[in-house]
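J.: Here's a sequence, model it:
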Amino acid sequence: MTKSIFVVSCFAVTLAVAPACATKKFVRTEVGQVNDKVTTLGKSLEETQERVRVAEQKIGEVDTKAAQAGQAAQAADKNAQAAQQTGNQAMEVGKQAVAKVEAVEASTKKLIFETVLTDDQAKFKSGIAKLSDEAKAALDQMVAQVKSQKSAIWVEIEGHTDNVGDAAYNERLGLERAEAVKRYLYEQHQVPLHKMNAISFGEEKPVQDNKTRANRSQNRRVVIKVLA
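T.: Below is the predicted model of the structure:
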């Protein structure tokens, strides 16, 4: 009887302990899995942090290169502006030199022929620079008269206006009229361009006062001087 009681007691203890052991094993298994996941997440976090660090480093390098490129572009722009300014200055010096040479050449030549395209001939309406048929005929006649010249010639073409409008406008208009004559002599009579000089006096040299329409008409003219 006593033996039976002991066996029953042992069995009861076994039944009581077995679930506890199973629970501990389950807990250890679960904890192990959690630890593995934590370890994996830790490694992943470290890898992510390393990638972020590398990316930040590359971004910093790109920013530095961009800043250097910006500085280089600014320097290149300044150099281009300086070069353009130097070029403009050189061009202006060249123009002045050409003008001086032309002035010297003109001063050594003598006037052999002069004609004036008056408003009656050229029909220079106010504000207009286009040559009329009458003006072209007068130029044809002038060329025929100077063709007999065997020496080299130089042609000076002066544009003049009345005082209608401002001075700057009249200066441009006078030059346009002189240039129209120059173009016609070149295209129709093959007078070399380097043998002609067009200049504008605008309203500066009137032959009459500008008080009447008739007087203003006389001031609208082109004077052509042939030098040899």
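J.: Quick check: next helix or strand after the stretch of helix or strand Asp120 belongs to?
T.: Per DSSP states H and E: Asp120 is located in helix 119-122. Per DSSP H and E, the first helix or strand lying C-terminal to helix 119-122 is helix 133-146.
J.: other SSEs contacting that following helix?
T.: strand 111-117, helix 119-122, helix 167-189, strand 221-227 (3 or more Cβ pairs under 8 Å, 6 or more residues apart in numbering; DSSP states H and E). (Glycine included, C-beta is placed from N, CA and C.)
J.: ranking these by burial, who's on top?
T.: Stretch with highest mean neighbour count among those: strand 221-227 (a mean of 22; mean count of other Cβ atoms under 10 Å).
J.: Against Val116, how distant is His194?
T.: 24 Å (Cβ to Cβ, to the nearest Å).
J.: Sorry, slip of the keys, the one I care about is Asn170.
T.: The value you get for Asn170 to Val116, if Cβ to Cβ is used, is 18 Å.
J.: Also Ala144?
T.: Relative to Val116, and taking Cβ to Cβ, Ala144 is found at 17 Å.
J.: neighbours around Asp162, how many?
T.: When neighbours are defined as other Cβ atoms under 10 Å, Asp162 has 23 of them.
J.: three-state assignment of it?
T.: coil (DSSP: H, G, I helix; E, B strand; the rest coil).
J.: where's the nearest residue to it once chain neighbours are set aside, which helix or strand?
T.: Nearest residue to Asp162 in three dimensions, chain neighbours excluded: Arg216, at 3.8 Å (Cβ to Cβ, 6 or more residues apart in numbering). Assigned by DSSP H and E, Arg216 falls within helix 213-219.
J.: For that helix, which outside residues touch it?
T.: Contacts to helix 213-219, defined as Cβ atoms under 8 Å, 6 or more residues apart in numbering, come from residues 118-120, 126, 160-164, 203, 206-210.
J.: Dump it to PDB, restricted to CA.
T.: Extracted C-alpha coordinates of helix 213-219, given in PDB (Å, rounded to 0.1, in the frame of the first residue of the first chain):
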ATOM      1  CA  ARG A 213      10.200 125.500 -95.900                       C
ATOM      2  CA  ALA A 214      12.300 126.600 -99.000                       C
ATOM      3  CA  ASN A 215      15.400 127.100 -96.800                       C
ATOM      4  CA  ARG A 216      15.000 123.800 -95.100                       C
ATOM      5  CA  SER A 217      14.800 122.200 -98.500                       C
ATOM      6  CA  GLN A 218      18.200 123.600 -99.500                       C
ATOM      7  CA  ASN A 219      19.700 122.300 -96.300                       C
END
